[in-house]
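In: Below: sequence and its predicted model.
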Amino acid sequence: MSKNSFKEFLKRKDIEFSAKRYFIDALGAMAQGLFASLLIGTIIATIGDKAGIEFLSTIGGFAKQCSGAAMAVAIGYALKAPPLVLFSLVTVGYSANDAGGAGGPLAVLLIAIIAAELGKAVSKETKIDILVTPLVVILSGCGLSILCAPYIGQAASAVGKAIMWATVQQPLVMGIVVSVVVGIALTLPISSAAICAALSLTGLAGGAAVAGCCAQMVGFAVMSFKENKWGGLIAQGVGTSMLQMGNIVRNPRIWIPPTLASAITGPLATCVFKMEMNGAAISSGMGTCGFVGQIGVYTGWLNDIANGTKEAITAFDVVGMVLICFVLPAVLSVVFAEILRKINWIKVNDLKLDL
């Protein structure tokens, strides 16, 4: 096959080897798959457990068990996989997540991408497509799950554990680093939630990640209130700060206030309030989106109480979470933004959204 004909084949199959396709589109979709299974399942199960409603606990358990399949199907959807490929990815996602252990989400991301692209390559190329396509997807995906997923999972878990260990050893420095980096990732067109899930980022580092994400979302929501009013406050504060990416490209300086806020709230979370995120790891990268970050912190408190590592939820815990997630990001971002407005680094309508 000549180089030109190979390019034409890839174009016809909509196979695009690009960082955007694999690490923005696929990663973002994977986070949605996690949200629609593990995260929602955790919330439902927690409500069921605490309210004594076994029906909800059972449903939550079912949802959590399907996280691998949900991630893989979401990834296949982002890669524009045809139906047979998409449906076959259910098995691939389950196998990769199961074999990957704590680092299962990263294993699912990498293996589902490969299996999906191989499936797209053979899709409708034979008269027995109903057999060939599922066979290629499932054999390649499950084969890679058996051979590679444990090692991918171990690598991801090792990185996550190293970050969490470093945060415990150096809570001030790592509180700043984790908060700023994960917060920036949340606003960029990539998925901070998927990154946190892939690295199993919980504990003190998870708390710093929550702080950074909240600083970005609440910060942009409040500092742009003059331009965007209540609609913008809700869209950014409970939705996503990613809405500001177009404005950031036009004037990167608008990113300074919430980023500085995250550099302050992160170490406050790790050093002063000792805020840990011991719920589902994906919650570490969600911030105030649907208040998932706060639900994750609360769920973690309940888990710690059940495990005997925490006696009870204290007023200090609650006040700390409210300050770190809502009050300080709002106040700090507004203060920093006003300083930048006075020196003309932020101008009128620089933060305006088309809502």
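Out: Received, thanks. Numbers count the residues shown, from 1 in each chain.
In: shaky segments in the stretch 151-300 of the chain?
Out: Across the stretch 151-300 of the chain, nothing is flagged by pLDDT under 70.
In: again, only this time at 80
Out: In the predicted model of the stretch 151-300 of the chain, residues 189-191 satisfy pLDDT under 80.
In: Which parts of it are helices?
Out: In the stretch 151-300 of the chain, the helices defined using DSSP state H, counting those that start in this stretch lie at 171-187, 192-198, 203-223, 225-234, 245-250, 256-267, 292-307.
In: out of these, deepest packed?
Out: Mean neighbour count (mean count of other C-beta atoms under 10 Å) peaks for helix 203-223 among the helices of the stretch 151-300 of the chain, with a mean of 32. (Glycine included, C-beta is placed from N, CA and C.)
In: before we move on, the earlier item: how about JSON lines for the helices of the stretch 151-300 of the chain, with distance to Glu276 added?
Out: Conversion of the helices of the stretch 151-300 of the chain to JSON lines gives the following (distance: least, C-beta to C-beta, whole Å):
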{"stretch": "helix 171-187", "distance to Glu276": "11"}
{"stretch": "helix 192-198", "distance to Glu276": "14"}
{"stretch": "helix 203-223", "distance to Glu276": "5"}
{"stretch": "helix 225-234", "distance to Glu276": "28"}
{"stretch": "helix 245-250", "distance to Glu276": "30"}
{"stretch": "helix 256-267", "distance to Glu276": "13"}
{"stretch": "helix 292-307", "distance to Glu276": "6"}
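In: for those helices, which one sits closest to Val108?
Out: Closest approach to Val108 among these is made by helix 192-198 (8.8 Å; C-beta to C-beta).
In: quick revisit: quick one: which of the helices of the stretch 151-300 of the chain is nearest Gln65?
Out: Using C-beta to C-beta as the measure, helix 192-198 is the one of the helices of the stretch 151-300 of the chain that comes nearest Gln65, at 15.8 Å.
In: Check the gap between Phe87 and Asp98 for me.
Out: Using C-beta to C-beta, to the nearest Å, we find Phe87 at a distance of 19 Å from Asp98.
In: swap in Gly279?
Out: 21 Å.
In: Show me which of those two is the more surrounded one.
Out: Gly279 (27 against 16; other C-beta atoms under 10 Å).
In: Now do the contacts for the more buried one.
Out: By C-beta atoms under 8 Å, 6 or more residues apart in numbering, the contact list for Gly279 reads Thr42, Thr202, Ile295, Gly296, Val297, Tyr298, Thr299, Gly300, Asn303.
In: excluding its backbone neighbours, what's nearest the residue nearest the centre of the chain?
Out: Closest residue to the average C-alpha location of the chain: Ala193 at 1.0 Å, with C-alpha atoms, centre = their mean. In space, and not counting its chain neighbours, Ala193 is closest to Gly285: 3.8 Å by C-beta to C-beta, 6 or more residues apart in numbering.
In: Please look at that neighbour and Ala198 and confirm they touch.
Out: No. Contact between Gly285 and Ala198 fails when scored by C-beta atoms under 8 Å: they sit 9.8 Å apart.
In: show me what contacts Pro329?
Out: Cys214, Ala215, Met217, Val218, Gly219, Val222, Pro258, Ala261, Ser262, Thr265 are the contacts of Pro329 under C-beta under 8 Å, 6+ apart.
In: what's the angle from the host helix or strand of it to helix 203-223?
Out: Taking DSSP states H and E as the definition, one finds Pro329 inside helix 328-342. With axes from the mean of the first three to the mean of the last three C-alpha atoms, to 10 degrees applied, the angle from helix 328-342 to helix 203-223 works out at 50 degrees.
In: Flag every buried residue along helix 328-342.
Out: Leu328, Pro329, Ala330, Leu332, Ser333, Val334, Phe336, Ala337, Leu340, Arg341 (16 or more other C-beta atoms under 10 Å).
In: Same list (these) but as JSON lines, adding distance to Val181 and pLDDT.
Out: Shown next, in JSON lines, are these (distance: C-beta to C-beta, whole Å; pLDDT from 0 to 100):
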{"residue": "Leu328", "distance to Val181": "19", "pLDDT": "98"}
{"residue": "Pro329", "distance to Val181": "16", "pLDDT": "97"}
{"residue": "Ala330", "distance to Val181": "21", "pLDDT": "97"}
{"residue": "Leu332", "distance to Val181": "18", "pLDDT": "98"}
{"residue": "Ser333", "distance to Val181": "18", "pLDDT": "97"}
{"residue": "Val334", "distance to Val181": "23", "pLDDT": "97"}
{"residue": "Phe336", "distance to Val181": "19", "pLDDT": "98"}
{"residue": "Ala337", "distance to Val181": "21", "pLDDT": "97"}
{"residue": "Leu340", "distance to Val181": "22", "pLDDT": "97"}
{"residue": "Arg341", "distance to Val181": "26", "pLDDT": "96"}
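In: which one among those gets closest to Gln32?
Out: Once C-beta to C-beta is applied, the member of those that ends up nearest Gln32 is Pro329, at 24.5 Å.
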